[in-house]
Each structure stands twice: as structure tokens, then as C-alpha cells.
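Visitor: requesting a structural model of the entry that follows:
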Amino acid sequence: MVRTVKWVFITLLLAVLAATGYYTYGFLRFANNIQSHPYSSKIGSTVNPKQVGMSSESYVPPKWEGNQRVNVLILGGDSRGLKKNEIPRSDSMMVASIDPVTKKAYLFSILRDTYVKIPGQGEDRINTALSTGGPNLAMKTVSDLMGIPIQYYVYTDFKGFIALVDAIGGIDLEVEKDMKYSDAEDGHEYDINLKKGMQHLDGKTALQYVRFRHDAMSDFARTERQRKFIQAVAQKMQTTGSLIRSPRILNSIDPYIETNLTTTDMLKLGSLAYEAKAEGMVSQQVPPSDLLIEKRVGGAEVLAVNKDKLQAYVQALFEGRDPNAPAEKSSSGGGGKTKQESSRGGSAANAGVKNTSLR
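Guide: Numbering: from 1, shown residues only. Just a heads-up that it's a prediction; the model follows:
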């Protein structure tokens with residue numbers, strides 16, 4: 001009897017060690033594959049410092065020590081129709097922020113047509129920062145806009161998004177309205193055709209859901225849907241089933257992801273992200289609708305914002321204060337009027353701002 005128990009214990013121990021080795025190997029392989037390298041990038045060729053005033057290499061992101069707020073810029077690129085080694089514009093930009101003390105998570109989606117100062121480049125839409133100077137310039141631009149340090153970035157494209165959603169088994173989500181749009185680029189591979197109601201979205205249909213912006217609310221509603229979907233993905237990633245399948249999930253997405261996170265930082269951030277439950281995540285559009293200012297540049301409409309007011313708004317959220325408390329009205333000098341909305345804090349519903357996309 002004692003011998004039998006001993007062999008059962010040894011067998012279980014060997015199984016645990018084998019599983020630990022399998023998961024460790026899978027993670028380390030994934031971490032190595034997605035880390036950015038100076039001469040090899042999944043985003044595009046290295047930016048020539050002579051071409052821009054601030055290149056991808058000239059800005060060094062602040063170091064995260066692990067005991068202060070961590071902010072990660074999530075870049076979704078649209079690489080369709082690009083020449084070899086050409087860097088794409090960011091189709092979507094989001095900032096994930098976690099306070100390691102309170103374990104509170106925040107998710108900000110940035111309106112891509114926000115007109116900002118890009119270091120070394122003058123003023124332009126914020127989504128051009130990536131194609132102009134690479135991910136580090138995009139991090140610096142977002143940091144200057146929001147008034148927070150951006151320590152890391154994670155980049156993926158359409159294929160990476162599809163692979164992730166398929167790897168976790170899809171997402172069940174309520175589609176708010178019928179969504180239909182025909183996109184001739186890439187032979188209609190990315191056409192949008194969704195029906196209103198509860199849907200099980202696989203990778204391709206999920207991409208349709210987060211990309212749709214061809215209605216009166218355009219990017220305002222689109223960024224709200226993106227935050228809603230990312231929260232659903234985060235919740236599913238925290239389930240036991242997804243954790244068990246993590247080696248397969250990581251293997252599926254690593255060809256399409258690039259980041260400046262080190263292996264050690266991935267472990268620290270992964271642990272922190274798991275503790276910061278997705279159900280309590282604060283979701284917000286940046287800039288919020290109340291702070292948007294109408295502006296015309298070169299005959300086209302763009303979205304301007306008073307940077308000081310925006311940064312005060314972000315800090316109020318972090319501190320748990322009401323960011324919509326009455327404040328003295330002022331203009332950013334952009335030659336436009338502030339949008340005063342009945343829907344506070346950037347919700348797409350009743351925002352009343354028309355399509356300002358230049359594309």
C-alpha cells in the first residue's frame with residue numbers, strides 16, 4: 001500500500017513538472033518571438049532619424065519599477081496596401097492603465113482623428129505618429145496628450161486580432177444594430193455584414209464589429225464598441241479554461257504581435273492584469289465629447305482638444321473624482337467651439353458630433 005501511494009505521488013509530481021516545463025517553455029518562446037528588435041520589426045522598417053525630428057529610437061520610454069501605475073499603448077495597425085517595410089498608420093489606439101496598489105484597471109480609446117502636436121513633426125492627426133516615427137514616437141505623442149508616462153506598447157494588425165479571438169474560442173456579444181459595409185480593398189475580404197442581437201463572434205466577425213464606423217456616429221461609436229469588446233476578451237482571458245489553453249493561445253498570436261515588454265515585465269504585468277479583474281474596469285473615450293473642439297485644417301474637419309483640461313480629466317478619473325465637475329469655460333485657441341453634450345464622458349450615444357474622419 002505504501003509503495004502504491006509512493007508511485008502515485010511520484011507520477012503526479014512528474015506530471016506537474018512536465019506541465020510546468022511545457023507552460024514555461026511556451027511562455028518563454030512567445031516572449032522571445034514578440035519582443036521588438038532594432039533590425040527586425042513586424043511593424044515595418046526602422047525609421048530613419050534624418051527623415052523625422054524625433055525617431056522611434058530617440059525617445060526612451062520611462063522605466064516601470066512595478067510599484068507605480070503602468071500604462072500600455074495598444075496599437076492596432078492596418079497594413080493593407082502597404083509597400084514592403086512601410087510602416088502602417090494606427091487604425092486604433094488604446095491605453096490600458098493599471099494601478100498596482102488599488103488593482104484598478106482603466107481602458108482609454110483615443111479618437112484617431114484627434115489633432116495633436118507630434119514631437120519633431122508639428123501638428124497632425126494622432127494616428128499618423130506610428131507611421132511617421134514608429135511605436136516610440138506614438139508612445140511619446142500619447143504621453144504628451146494625456147499627461148501620463150507610457151512605459152510600453154503592444155502592436156498587432158488585423159490578422160493578429162483574428163488569431164487571438166479564434167484562439168480563445170470567440171466571444172458572445174450583443175450587437176447593437178445591423179452593420180453592413182462593402183470594402184473593395186483586398187477583394188472584399190474585410191466586408192462588414194452583422195445582424196443586430198446576441199451573436200457568437202469568431203475572429204473575422206469580431207473584426208467586423210470593432211471596425212464598423214460607417215454611420216452618423218463614426219469613430220465615436222466605433223471606439224465605444226472597441227472598449228466593450230476588449231473588456232469581454234479580458235474577462236474571457238481570466239477564466240480557467242483560457243489559462244489552461246494559454247500555450248496554444250500564445251502560439252497562435254505570436255507571429256502578429258510586437259512589444260517592447262521584456263520577459264520579466266511580461267510576467268509582472270501579466271500577474272497584475274490577472275489581479276485587476278476586468279469586471280471593474282473603467283472604460284473611457286479620449287478626448288471625451290465634452291472637451292472636443294471643432295477645427296478645420298486644410299479644408300478638412302479635425303478633432304482638437306484643450307490639453308490641460310484633458311489631462312485634468314484623466315487625473316480626476318485616476319483619483320476617483322468626478323471628472324465632469326463644473327469648470328470655467330475656455331477655448332484652446334483652435335478657432336472652434338467646445339461640444340457641450342448631454343452624454344458625459346465620451347459615450348457615443350447622443351454625442352451629437354458628426355463624422356470628422358479625413359480618410
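
Visitor: rest of the way, CA atoms for contacts and neighbours
Guide: Will do.

Visitor: output stretch 301-310 as PDB, nothing but the C-alphas.
Guide: Written as PDB, here are the backbone C-alpha positions of stretch 301-310 (Å, rounded to 0.1, in the frame of the first residue of the first chain):
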ATOM      1  CA  GLU A 301     -12.500  68.900 -40.100                       C
ATOM      2  CA  VAL A 302     -10.400  67.500 -37.300                       C
ATOM      3  CA  LEU A 303     -10.900  67.000 -33.500                       C
ATOM      4  CA  ALA A 304      -9.000  69.500 -31.300                       C
ATOM      5  CA  VAL A 305      -8.800  69.500 -27.500                       C
ATOM      6  CA  ASN A 306      -7.600  71.700 -24.700                       C
ATOM      7  CA  LYS A 307      -4.700  69.500 -23.500                       C
ATOM      8  CA  ASP A 308      -4.700  70.900 -19.900                       C
ATOM      9  CA  LYS A 309      -8.400  70.200 -19.500                       C
ATOM     10  CA  LEU A 310      -7.900  66.700 -20.900                       C
END
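
Visitor: buried ones in that stretch?
Guide: 301-307, 309-310 (16 or more other Cα atoms under 10 Å).

Visitor: what of stretch 189-205?
Guide: 190-192, 194, 201-205.

Visitor: okay, now the unreliable bits of the stretch 1-150 of the chain?
Guide: 1-27, 37-42, 44-58, 81-85 (pLDDT under 70).

Visitor: and the helices in it?
Guide: For the stretch 1-150 of the chain, helices defined by DSSP state H, counting those that start in this stretch occupy the ranges 2-34, 129-146.

Visitor: any idea where the strands of the stretch 201-350 of the chain begin and end?
Guide: 258-259, 282-286, 292-297, 300-305 (DSSP state E, counting those that start in this stretch).

Visitor: from those, which stretch is densest packed?
Guide: Highest mean neighbour count among the strands of the stretch 201-350 of the chain (mean count of other Cα atoms under 10 Å): strand 258-259, with a mean of 24.

Visitor: hmm, who's touching it?
Guide: 34-36, 41-43, 152-156 (Cα atoms under 8 Å, 6 or more residues apart in numbering).

Visitor: check the offset of it from the chain's centre.
Guide: Strand 258-259 sits 12 Å away from the centroid of its parent chain (Cα atoms, centre = their mean, to the nearest Å).

Visitor: can you tell me who residue 122 pairs with across the strands?
Guide: residue 118 (DSSP bridges).

Visitor: that one: neighbour count?
Guide: 9 (other Cα atoms under 10 Å).

Visitor: next: residue 229.
Guide: Neighbours around residue 229, by other Cα under 10 Å: 19.

Visitor: got the contact list for it?
Guide: 173, 210.

Visitor: so how far is residue 207 from it?
Guide: 10 Å (Cα to Cα, to the nearest Å).

Visitor: so who does residue 304 touch?
Guide: Contacts of residue 304 (Cα under 8 Å, 6+ apart): 114-116, 292-295, 334.

Visitor: try residue 189
Guide: residue 183.

Visitor: pLDDT score assigned to it?
Guide: Listed pLDDT for residue 189 reads 83.

Visitor: same question, residue 322
Guide: For residue 322, pLDDT reads 87.

Visitor: just checking, residue 113 touches residue 128?
Guide: No - Residue 113 lies out of contact with residue 128 (Cα atoms under 8 Å); the separation is 9.2 Å.

Visitor: so where's the longest strand in this protein?
Guide: In terms of residue count, the longest strand belonging to the chain (DSSP state E) is strand 90-99.

Visitor: sheet-wise, list the partners of that strand with their directions.
Guide: When DSSP bridges is applied, strand 90-99 pairs with strand 70-77 (antiparallel), strand 104-110 (antiparallel).

Visitor: angle of it against strand 282-286?
Guide: Interaxial angle of strand 90-99 relative to strand 282-286 (axes from the mean of the first three to the mean of the last three Cα atoms, to 10 degrees): 140 degrees.

Visitor: any idea how far apart the tips of stretch 141-151 sit?
Guide: First residue to last in stretch 141-151 (Cα to Cα) measures 13 Å.

Visitor: need the contact partners of it.
Guide: 61-64, 70-73, 116-119, 126, 129, 139-140, 307, 310-311, 314.

Visitor: those, buried ones only, as a PyMOL selection?
Guide: Buried residues among the contacts of stretch 141-151 (16+ other Cα under 10 Å), as a PyMOL selection:
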select buried, resi 61+70+71+72+73+116+117+118+119+126+129+139+140+307+310+311+314
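
Visitor: before we move on, back to that, of the strands paired with strand 90-99, which is nearest residue 283?
Guide: Closest of those to residue 283 is strand 104-110, at 4.8 Å (criterion: Cα to Cα).

Visitor: just the angle between that closest one and helix 129-146, please?
Guide: Using the same axes, to 10 degrees: strand 104-110 against helix 129-146 is 120 degrees.

Visitor: what sits up against strand 104-110?
Guide: Contacts of strand 104-110 (Cα under 8 Å, 6+ apart): 92-99, 223-224, 226-227, 276-278, 280-287.

Visitor: ok, now stretch 172-187?
Guide: Here stretch 172-187 has contacts from 80, 188-201, 209, 212, 214, 229, using Cα under 8 Å, 6+ apart.

Visitor: brilliant, that's me finished.
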